[in-house]
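Asks: Sequence first, then the predicted structure, then my questions.
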Amino acid sequence: MGGVLMAGYANKQGRKPLPTQLKVLRGNPGKRRLNDAEPKVVARIPSPPRELPQEAKREWWRIGRQLLAAGLVTDLDRMALAALVQSYSRWIEAQTMLAQTGLLIKGKDGSPRLNPLLRVSAQAQAEYTKMLSEFGLTPSSRSRVKATKNEEEDPFEQFLGTKAK
């Protein structure tokens, strides 16, 4: 007899855990102990899989630069980033085809019906939005991220003994 399927992650109940880096950026709102044993990985944009379409590769580098600036992408994120840009590319392709064919098409009996590309577009957009949330890139997921100010003093300001305002 099979076990009960529960919500959560890998045989665990509840929400899947957030990466420590994302918790730090959010200011650790739950004030829970941070995972000191989490693997430390250097922030870096991984190389894109060569199988990605050209539109996906353009998005890879565009969004990859933004993720790198926030310290939210590493080589370990290659497949998650691939899923994100692939769904974006699929959405662009469906939108382009919809612009050419229209929202309605003729059914077999000649009556108008919704274009099946609408479903492809909606599914790709849902996948893209979900992956954006995984990286903290939607307005609601970003609102939970708190960027810390870089308190390093400018060497010139140190020399002058002043701080620019």
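Replies: On my side now, so go ahead.

Asks: Residue 113 belongs to a helix, doesn't it?
Replies: No: under DSSP: H, G, I helix; E, B strand; the rest coil, residue 113 falls outside any helix and is assigned strand.

Asks: Show the residue spans covered by the helices in this protein.
Replies: Secondary structure of the chain (DSSP state H): helices at 20-25, 54-69, 78-101, 117-134, 139-143, 155-160.

Asks: CSV for those helices, including mean neighbour count?
Replies: In short, each C-beta sits where N, CA and C put it, glycine included. Shown next, in CSV, are the helices of the chain (neighbours: other C-beta atoms under 10 Å):
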stretch, mean neighbour count
helix 20-25, 18
helix 54-69, 16
helix 78-101, 17
helix 117-134, 16
helix 139-143, 11
helix 155-160, 10
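
Asks: In this structure residue 34 contacts residue 28, no?
Replies: Yes: assessed by C-beta atoms under 8 Å, residue 34 is found in contact with residue 28 at 6.6 Å.

Asks: the more surrounded of the two?
Replies: Between residue 34 and residue 28, residue 28 has the larger neighbour count (other C-beta atoms under 10 Å), namely 15 against 12.

Asks: residues in contact with the more buried one?
Replies: residue 34 (C-beta atoms under 8 Å, 6 or more residues apart in numbering).

Asks: Quick check: it vs residue 128, distance?
Replies: According to C-beta to C-beta, to the nearest Å, residue 28 stands 28 Å off from residue 128.

Asks: same question, residue 67
Replies: Noted for residue 67: a distance of 15 Å to residue 128, by C-beta to C-beta.

Asks: just residue 66 next, same as before
Replies: Relative to residue 128, and taking C-beta to C-beta, residue 66 is found at 15 Å.

Asks: where in the protein is pLDDT low?
Replies: Along the chain, the model assigns pLDDT under 70 to residues 1-26, 29, 35-39, 143-165.

Asks: go again using 90 as the cut-off
Replies: 1-43, 69-72, 133-165 (pLDDT under 90).

Asks: and of the helices of the chain, who's closest to residue 40?
Replies: Closest to residue 40 of the helices of the chain, according to C-beta to C-beta: helix 20-25, at 9.3 Å.
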